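1. pasting the structure only:
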């Protein structure tokens, strides 16, 4: 890992300006004493842009708690997923997002209802942020009927309104996202599509095809490269001739963002939405972040990096710890409030985990359900020719 | 009412430029497959604002094979979109637009190039509705010329019928005539699922008579229903697309020899209308399949397998023969090329072989 970023929180915690709120609130120790504070953001790097996102961000106490809760719940979902995998209840693949939470949470905080998202297989957190319950996420991972894809998709194929997956093919989601952006433009609904990919997928040929067409047609598409340092087990330096992913769109302007700082990702996303909705075409955003786990559960994540490296990031750059320090130091929240949130999150995820283990799978008749929106085959063939199945329509047809 | 429709009016005015005076003459006039496809797209674009065409040279150039002629002038840059020569990227963009509720028609200049994009056809388009348990429908059409043209050698002469028909989640059609082309393509554009429409370059310029019904802008053909092109009692000949032409020529010749072939044009490869095949075999007790694709795991192989697995097996009086493209990459040299694709004499040989129960003898040669 060539680029270790010092914790933005530690660097800038001292440079903040806080405002006091009414004394009525501050008399109660349980609640925060400030209504908002302003934070400096680690400078963005710009590619073919004259100006970038705001480098200071104002955070209200209310938003601070919301962001903290979302960060915490994403971490907790992944911890639960890791455990479920080790218990052999989650099968096959399982790619954890722990360490990268500030990217999704900050982006989501800036997004509007009309905007859409598509990502790769590190998608559990995004699915939750796009409106699926913790149970909907976890029971998809366990393959049960309460899963958001009824257990038919598994850990890489989760969807919800304006959230187009969850894609298991490295890089494929990027042109798909450009297509969703194409639809936003075609309809003129003002929406922007965020197409997320990792530093590994950043070298896929189809990305450059998508950049090209998005730029040619001024598609409202933000290509978001989550650079966590490793594409599977290969470090960025060993896979990319240029690791400046924010500049890899060449003629597509780009921004480098501290992906460990939820305020940086939020401000960058606000800027991106503003940029794309002005009809200026696509944008690349590189979010520099880190993943604590291996690429997937089968990768212990230790052969290509040292345990010390992971420990150092956890101690100095963790997106949750650093945000927590920041909001506590600036009196936007109290320990008690955060503890309350932690407890609430723990309860919610624990209960969902329990249910995700105990729910049944869907009925076997759904093996042949929803293959087609409108199935014209009389029967679906099973394993043997003498046991044909009926095509079922489980989801309501319009 | 029909005259009020801008589409029909457009068709009429275009035809009238070709100096037809009466409507009767107009409707009995043959229409080429190219024009039938063009009508289908134009009518569906008129009918549904969400329909758009994307592909290489589809707009300003009027289509590499002129299938999209005139559409860009009528519908403009928004709905008829020239892409760079980057199949994987634009196929992905088209599928993404379908995820988000539009109805793309993704043209491959030829299906040979669809291999660059096959991940988006199979993994992105065909599987998403199932993987999402019905949350994300993918109403898209992939279309373009498929199979061997003439003198274009190995990389540009391949049939993808078996490739796409292999995959659940896709619907695959292979039109032969102008009516097939119009009815199947219109049905494909209206369909809520991903449809692959495998056309044939050699048929684009061929005129076929089109009925009044087929001239209507509400003419659609059902998927999974084969068409009996010619009735016969001695042997069933199953084919699709351009192989139908080969089969029909052979059937004509055989008729002169007293052998009546029942020629079944499949129209859809997936779903495959096995009922029509089974009914025919129950009558003829003999069957030959004809296709331009390679033999291994091909459409003929699939039909054989279904015959074997069903009670229709007991109707057979002789083994089935497949007439297929030769199991070689397409050569360029004229004489070799001619030997790589099924021709009417090959069908003739197969039919007489199967009917004569001279299979052993023929195989031994």
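-> Happy to help now that I have it. Only a predicted model underlies this, so the values are computations on that prediction, with no experimental measurement involved. Residues are numbered from 1 along each chain as shown, chains lettered A, B, ... in the order given.
2. what residues does the stretch 151-300 of chain A put near chain B?
-> Proximity of the stretch 151-300 of chain A to chain B (CB under 8 Å from any CB of the partner chain) is limited to residues A:152-153, A:157, A:159-160, A:164-165, A:167-169, A:172, A:174-184, A:186-187, A:205-206, A:208-210, A:212-213, A:216-217. Backbone N, C-alpha and C define where each C-beta goes, glycine included.
3. if you set the cut-off to 7 Å instead, what comes out?
-> Residues of the stretch 151-300 of chain A that fall close to chain B, judged by CB under 7 Å from any CB of the partner chain: A:152-153, A:157, A:159, A:164, A:169, A:172, A:175-180, A:182-183, A:186, A:206, A:209-210, A:212-213.
4. Go through the residues you listed and flag which are in helices.
-> Per DSSP state H, helices hold the following members of these: A:175-180, A:182-183, A:186, A:206, A:209-210, A:212-213.
5. Where does pLDDT dip in the stretch 51-200 of chain B?
-> Under the criterion of pLDDT under 70, none of the stretch 51-200 of chain B is flagged as low confidence.
6. who touches residue B:278 in this structure?
-> Residues near residue B:278 by CB atoms under 7 Å, 6 or more residues apart in numbering or on different chains: B:310, B:312.
7. hmm, 6 Å instead?
-> Shown in contact with residue B:278 (CB atoms under 6 Å, 6 or more residues apart in numbering or on different chains): residue B:312.
8. For it, what is the enclosing helix or strand?
-> Element membership for residue B:278 (DSSP states H and E) is helix B:274-284.
9. and that helix, which residues are buried?
-> B:274, B:276, B:277, B:278, B:279, B:280, B:281, B:284 (16 or more other CB atoms under 10 Å in any protein chain shown).
10. same question, stretch B:303-315
-> B:303, B:304, B:306, B:307, B:310, B:312, B:315.
11. Please apply the same query to stretch B:82-97.
-> By 16+ other CB under 10 Å, the buried positions in stretch B:82-97 come out as B:82-83, B:86-97.
12. Chain neighbours aside, what residue packs nearest to residue 66?
-> Just so you know, I chose chain A. residue A:109 (7.5 Å; CB to CB, 6 or more residues apart in numbering or on different chains).
13. my bad, the chain I had in mind was chain B
-> Nearest residue to residue B:66 in three dimensions, chain neighbours excluded: residue B:34, at 6.1 Å (CB to CB, 6+ apart).
14. surely that neighbour meets residue B:202?
-> No: taking CB atoms under 6 Å as the definition, residue B:34 is not a contact partner of residue B:202, at 11.4 Å.
15. neighbour-wise, which of these two wins?
-> Ranked by neighbour count (other CB atoms under 10 Å in any protein chain shown), residue B:34 and residue B:202 place residue B:34 first, with 23 against 17.
16. what's the model's confidence in the helix or strand harbouring that one, averaged?
-> In the assignment (DSSP H and E), residue B:34 maps to helix B:33-47. Averaged across helix B:33-47, pLDDT comes to 98.
17. Ok, stretch A:38-53 next?
-> Here the average pLDDT along stretch A:38-53 is 97.
18. So which bits of that stretch are buried?
-> Going by 16+ other CB under 10 Å, stretch A:38-53 has these buried residues: A:39, A:40, A:41, A:42, A:44, A:45, A:46, A:47, A:49, A:52, A:53.
19. do stretch A:229-243 as well
-> Buried-residue list, stretch A:229-243, by 16+ other CB under 10 Å: A:229, A:230, A:231, A:233, A:235, A:236, A:240, A:243.
20. among the residues you listed, which two are most distant?
-> A:233 and A:243 (16.4 Å; CB to CB).
21. just the helices in chain A please.
-> Going by DSSP H, chain A shows helices at A:8-12, A:23-26, A:61-86, A:101-110, A:124-129, A:134-141, A:173-187, A:205-216, A:236-239, A:262-277, A:307-316, A:319-329, A:335-358.
22. Relative to chain B, how far out is the most centrally placed residue in chain A?
-> Taking CA atoms, centre = their mean as the criterion, residue A:104 is the residue nearest the geometric centre of chain A, at 3.4 Å. Distance check for residue A:104 against chain B: by CB to the nearest CB, to the nearest Å, it reads 20 Å.
23. So for that residue, what's the pLDDT?
-> As predicted, residue A:104 sits at a pLDDT of 98.
24. which ones are touching it?
-> For residue A:104, counting by CB under 6 Å, 6+ apart, the contacting residues are A:125, A:126, A:129.
25. The residue nearest to residue A:66: neighbour count?
-> Number of residues near residue A:109 (other CB under 10 Å) recorded here: 19.
26. I'd say it and residue A:266 touch.
-> Yes: taking contacts as CB under 6 Å, residue A:109 lies within contact range of residue A:266: 4.8 Å.
27. ok, which residues in the stretch 151-300 of chain B are in contact with chain A?
-> By the rule CB under 6 Å from any CB of the partner chain, the part of the stretch 151-300 of chain B lying against chain A is B:168, B:169, B:192, B:193, B:223, B:224, B:271.
28. Put together CSV for those residues, with neighbour count and secondary structure on each row.
-> Output for these, formatted as CSV (neighbours: other CB atoms under 10 Å in any protein chain shown; DSSP: H, G, I helix; E, B strand; the rest coil):
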residue, neighbour count, secondary structure
B:168, 15, coil
B:169, 21, coil
B:192, 17, coil
B:193, 22, coil
B:223, 22, coil
B:224, 21, coil
B:271, 19, coil
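29. From residue A:313, how far out is residue A:306?
-> 11 Å (CB to CB, to the nearest Å).
30. I meant to write residue B:53 there.
-> 49 Å.
31. Could you do residue A:171 as well?
-> Residue A:171 is 26 Å from residue A:313, by CB to CB.
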